[in-house]
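Participant: Give me coordinates for this.
(chains A and B)
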Amino acid sequence: DAGVIQSPRHEVTEMGQEVTLRCKPISGHDYLFWYRQTMMRGLELLIYFNNNVPIDDSGMPEDRFSAKMPNASFSTLKIQPSEPRDSAVYFCASSGQTSNQPQHFGDGTRLSIL
Amino acid sequence: AQKVTQAQTEISVVEKEDVTLDCVYETRDTTYYLFWYKQPPSGELVFLIRRNSFDEQNEISGRYSWNFQKSTSSFNFTITASQVVDSAVYFCALSSSTGANSKLTFGKGITLSVRP
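Facilitator: Numbering: from 1, shown residues only, chains lettered A, B, ... in the order given. Model (predicted):
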């Protein structure tokens, strides 16, 4: 079975540019999560969706960040405008619908904002 | 509020040694779930195990074993006869059962280096 697929794997862009990260969850999973990992703050949950609906976006750092899930097989995380402090590894994860099923993670997108 | 503490930040052992990674958690919920994830140098996060708060049985999977003790709020992970391939960052995580699926709270991770 295909796992969670994220693209791109690496992104290097200049400050001020719009960045779009993409995620395809595991087929049949009803929950999708976006995380950010940095040395200073570790793994932080940014937002999660259930059946394509955002449930908790309290971890989204600022209005510059937005996430959408237009259908069950695709989600995006956008940063506009990007800043150097947004540099991090961004992970997408998905899980099944029963309570507290394990989250399965994609390989991550390593984002560098110059 | 939920909290996961992994007091050990870095551990270095020689191959074939046993090593235990500690995890202490805090929650006010009576029903909760505990997880361990492995992050090898390649960067992906790999799910290892999930336990619920009502199941205190220890679990063994090959060289891996987990010791869950509610009395001390700990969920420790032991690797027996460690191998170089075990070198990774290991995360302990906690979620409550409120709602259909709750957020994972991660510890800071433990970097394990296994030297040949």
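
Participant: Contacts only, for residue 12.
Facilitator: Going with chain A. A:S112, A:L114 (CB atoms under 8 Å, 6 or more residues apart in numbering or on different chains). Bear in mind the C-beta positions are built from the backbone N, C-alpha and C, glycine included.

Participant: wait, I meant chain B there
Facilitator: Per CB under 8 Å, 6+ apart, neighbours of B:S12: B:L112, B:S113, B:V114, B:R115.

Participant: Is it possible to get TSV of those that adds neighbour count and pLDDT?
Facilitator: Below are the contacts of B:S12 laid out as TSV (neighbours: other CB atoms under 10 Å in any protein chain shown; pLDDT from 0 to 100):
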residue	neighbour count	pLDDT
B:L112	21	98
B:S113	14	97
B:V114	20	97
B:R115	11	96
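
Participant: Which of those residues fall within strands?
Facilitator: Counting by DSSP state E, the contacts of B:S12 place B:L112, B:S113, B:V114, B:R115 in strands.

Participant: so A:G59, which of the three states?
Facilitator: Secondary structure, DSSP: H, G, I helix; E, B strand; the rest coil: A:G59 is coil.

Participant: Test my guess that it contacts A:L45.
Facilitator: Yes: in this structure, A:G59 is within contact of A:L45 by CB atoms under 8 Å, at 4.7 Å.

Participant: which one of the two has more residues nearby?
Facilitator: Shown here are A:G59 and A:L45; by other CB atoms under 10 Å in any protein chain shown, A:L45 has more neighbours (21 against 16).

Participant: give me the beta-bridge partners of B:T5?
Facilitator: For B:T5, the beta-bridge partners under DSSP bridges are B:V24.

Participant: Now do the same contact list for it.
Facilitator: By CB under 8 Å, 6+ apart, the neighbours of B:T5 are B:C23, B:V24, B:Y25, B:E26, B:G107.

Participant: measure it to chain A for me?
Facilitator: From B:T5 across to chain A, the span is 12 Å (CB to the nearest CB, to the nearest Å).

Participant: How about B:S73?
Facilitator: Separation of B:S73 from chain A (CB to the nearest CB): 18 Å.

Participant: near chain B, which residues of chain A show up?
Facilitator: Taking CB under 8 Å from any CB of the partner chain, the part of chain A that reaches chain B is made up of A:30-31, A:33, A:42-43, A:45, A:48, A:50, A:55-56, A:89, A:91, A:93, A:95, A:97, A:99-108, A:110.

Participant: need the strands for chain A, in chain order.
Facilitator: A:5-7, A:10-13, A:19-24, A:31-38, A:42-50, A:53-56, A:65-71, A:74-79, A:88-95, A:104-105, A:109-113.

Participant: and A:T38, how many neighbours does it have?
Facilitator: For A:T38, the neighbour count with other CB under 10 Å is 13.

Participant: Ignore what I typed, I meant A:I47.
Facilitator: 22.

Participant: next one: the one 10 residues further on
Facilitator: One way to gauge burial is a neighbour count; for A:D57, by other CB under 10 Å, it gives 15.

Participant: Now the phi/psi pair for it, please.
Facilitator: Reported as degrees, to the nearest 10, the phi and psi values for A:D57 are phi -110, psi 20.

Participant: Many thanks, have a good one.
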